[in-house]
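Colleague: build the 3D model from these lines:
(2 chains)
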Amino acid sequence: MSAIEARETRLHLTTGAWAWLAVIAALLLFVAASMAGMVDPRSIPYLVIVDPFVQMAQAPDLFVQTIWEGLVSGVLYALIALGFVLIFKASGVFNFAQGIMVVFSALTLVGLHEMGVPAPLALLLAIFVMFVLAVVVERVVLRPLVNQPDIILFMATFGITYFLIGFGELIFGGNPKQMITDQLYLPKGAIDLKILGGFVSLQKIDIAAALIAAVMIALLAFFFQKTRIGRALRAVADSHKAALSVGISLNQIWVIVWFTAGIVALVTGIMWGARSDVSFALSTIALKALPVLILGGFTSVPGAIVGGLIIGIGEKVGEFYWGPLVGGGIESWLAYFIALGFLMFRPQGLFGEKIIERI
Amino acid sequence: MRGPGGDKAVVAGDVLLAVDAVSLSFGGVKAITDVSFDIRKGEIRAIIGPNGAGKTSMLNVINGFYHPQQGRITFKGTTRVKMRPHVAASQGIARTFQNVALFKGMTTLDNIMAGRTLKMRGSFFWQLFRHGPAMDEEIAHRKVVEEIIDFLEIQAIRKTPVGKLPYGLQKRVELGRALAMEPDLLLLDEPMAGMNLEEKEDMSRFILDVNNQYGTTIALIEHDMGVVMDLSDRVVVLEYGRKIADGTPKEVKSNQQVIDAYLGVSH
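Modeller: This is a model prediction of the structure:
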């Protein structure tokens, strides 16, 4: 073997990779030193690096409970992100109004029930209202603004947001409302599992939420992959003018997409409303979808799901084990921090399309 | 095989599409001024002219991307002023684009299947379950698509995402998607742009075959004069948005105005 070949076969590591290896080695060294009792258990490095994992190992039931809580909020984050992804894929619009659509749909459901409409009928009517909303948005907002720069459409969704807030308050009032879980036959109470030398308590509503979300995501995936409309949706996502030239109506596709996003919003609203209550404060959860989208990539449905779960679990675990170090309350910003961390390594998100520009 | 254009008897000579005194402007810029011409059933009609003459604008007017301020367009005997692109598609106008417009994330097969969108009528309910009538329909359409794939000799790239294909093959897939619509009128915007000689010859052969075998009427824009003269039955020449000549390739070639437009004239 010649000298040149030998050099090529040698392991190549960039400076960055060497730096990371050094960091990991230092951490391992520190952990080893801690186990040998050479580190003061009250020192900051010990509390940050070793102590949380010691806690996890000492009370595994609590750890499982934390993961479960994270999983459940992760599912809901994933649902919200899914609403964003659907609309972004088909029309390139970042729909700021997705958060308020969650509130508005849930409010419509509860509000109609308060007015004396039976729950199943109220549910159907709420779905119908989301359909009307999709048609109106397409007619009044998207169609006149077609071919305008994305930022204009983005601003228009702000308009939709404030319209829905005002319109919702006008009709149903601004007071927080109770979700009609019983009337919708959603389960109540909790299941206590006796595992790992302790109790893990699972709320039945959370289990239902996870199941319903899974079924809905499976249905959507099937719809996108296997039906004529699904193929048309993917076509529109790829190229508007090509889609038009084969006879796909953009207007029809936009209505379908916004309606689908509306149904996703309704399901999210019911599930989230069942855990707290239905109020306009809920719409801020849309901001939680942003780190999920950054993580998962704006155009990927699997990305929204995996991103949602990572953010949900990450923030609950972070809050429970690392939060007390800084006096708690890190849950509100940890999601963004996790997303930023991922961005350093994968700027296109976990599942986003890598953009390669041909020059 | 029931190919593009359907199984109607082709009567060359009938006017399929008539463009009547069409003018189009964007703000103050006049793209097309008072242009009239017709396309007869079964012919290959070329639209040529220097850069910026309004050729692509003309195609965009025909398939509804642009709405002309003045003039009328009569297609299959129906006159219209305005039309949306998907309506034009449903009436039997298919097209390809100057800079290939494909669904880059989808496979060759899915791209061409997308061309069948308008032909699929199965109910949404059955499609969701992939059963019954929807399955039969899917199979029938798939058969047509496979025939087109054979015709264009792109069997090998059937399952390749088209974004990965070289430019020449992308152009061929785009033609396939247009053919899948079984159009009455096929608009080709520079089908041979950026191709090498061999690719150009292949594409010319496909265009002639489509015209001969299926009797599809074709309107094409092309810069390569050799290709235009070989392929087309009649030629329209545009310059600065106006029509300066119209006739057989031979007539157009000897027209003084056309020679001036292409070679320049000393003032």
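Colleague: would you list every one of the helices in the stretch 201-350 of chain A?
Modeller: A:204-226, A:228-238, A:240-245, A:250-275, A:285-296, A:301-317, A:331-345 (DSSP state H, counting those that start in this stretch).
Colleague: which elements pack onto the last one?
Modeller: The contact analysis (3 or more C-beta pairs under 8 Å, 6 or more residues apart in numbering or on different chains; DSSP states H and E) places helix A:331-345 against helix A:285-296, helix A:301-317. In short, each C-beta sits where N, CA and C put it, glycine included.
Colleague: out of the ones you listed, which is closest to residue B:48?
Modeller: helix A:301-317 (45.9 Å; C-beta to C-beta).
Colleague: can you give me the strands for the stretch 101-250 of chain B?
Modeller: If you assign secondary structure with DSSP state E, counting those that start in this stretch, the strands in the stretch 101-250 of chain B sit at B:185-189, B:217-221, B:234-239, B:242-247.
Colleague: elements contacting the last one?
Modeller: Strand B:242-247 sits against strand B:29-40, strand B:234-239, helix B:249-253, helix B:256-263, with contacts defined as 3+ C-beta pairs under 8 Å, 6+ apart.
Colleague: didn't residue A:61 look like it was pressed against residue A:200?
Modeller: Yes - in this structure, residue A:61 is within contact of residue A:200 by C-beta atoms under 8 Å, at 5.5 Å.
Colleague: quick one: which of those two has more around it?
Modeller: residue A:200 (20 against 16; other C-beta atoms under 10 Å in any protein chain shown).
Colleague: for that one, helix, strand, or coil?
Modeller: Look at residue A:200: counting by DSSP: H, G, I helix; E, B strand; the rest coil, its state is strand.
Colleague: pLDDT below threshold where in the chain?
Modeller: Just so you know, I chose chain A. Within chain A, the stretches falling below the threshold (pLDDT under 70) are A:1-13, A:352-359.
Colleague: that answer is for a different chain, and I need it for chain B
Modeller: B:1-13, B:121-134, B:263-267.
Colleague: interface residues of it facing chain A?
Modeller: Contact residues (C-beta under 8 Å from any C-beta of the partner chain) of chain B with chain A: B:63, B:65, B:84-86, B:89-90, B:94-95, B:97, B:101-106, B:110, B:113-115, B:117-118, B:120, B:122, B:124, B:127-128, B:130, B:177-178, B:180-181.
Colleague: now the buried members of those.
Modeller: For the residues of chain B next to chain A, a neighbour count by 16 or more other C-beta atoms under 10 Å in any protein chain shown gives the buried set as B:63, B:65, B:84-86, B:89, B:94-95, B:97, B:101-106, B:110, B:113-115, B:117-118, B:120, B:122, B:127-128, B:177-178, B:180-181.
Colleague: next helix or strand past the longest helix belonging to chain A?
Modeller: Taking DSSP state H as the assignment, the helix of chain A that covers the most residues is helix A:60-91. Scanning the chain past helix A:60-91 towards its C-terminal end, the next helix or strand to appear is helix A:98-114 (assignment: DSSP states H and E).
Colleague: mind listing what's buried in whichever helix or strand comes after that next one?
Modeller: Toward the C-terminus, helix A:98-114 is succeeded by helix A:119-136 as the next helix or strand (DSSP H and E). Buried residues in helix A:119-136, counted by 16+ other C-beta under 10 Å: A:119, A:122, A:123, A:126, A:127, A:129, A:130, A:131, A:133, A:134.
Colleague: present those residues as a markdown table; the columns should include distance to residue A:37.
Modeller: Output for those, formatted as a markdown table (distance: C-beta to C-beta, whole Å):
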| residue | distance to residue A:37 |
| --- | --- |
| A:119 | 62 |
| A:122 | 63 |
| A:123 | 61 |
| A:126 | 61 |
| A:127 | 63 |
| A:129 | 64 |
| A:130 | 61 |
| A:131 | 66 |
| A:133 | 63 |
| A:134 | 64 |
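Colleague: circling back: need the helices of the stretch 201-350 of chain A in TSV (columns: distance to residue A:108 and mean neighbour count).
Modeller: As requested, the helices of the stretch 201-350 of chain A are arranged in TSV below (distance: least, C-beta to C-beta, whole Å; neighbours: other C-beta atoms under 10 Å in any protein chain shown):
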stretch	distance to residue A:108	mean neighbour count
helix A:204-226	19	16
helix A:228-238	25	22
helix A:240-245	32	23
helix A:250-275	8	23
helix A:285-296	17	24
helix A:301-317	24	24
helix A:331-345	28	15
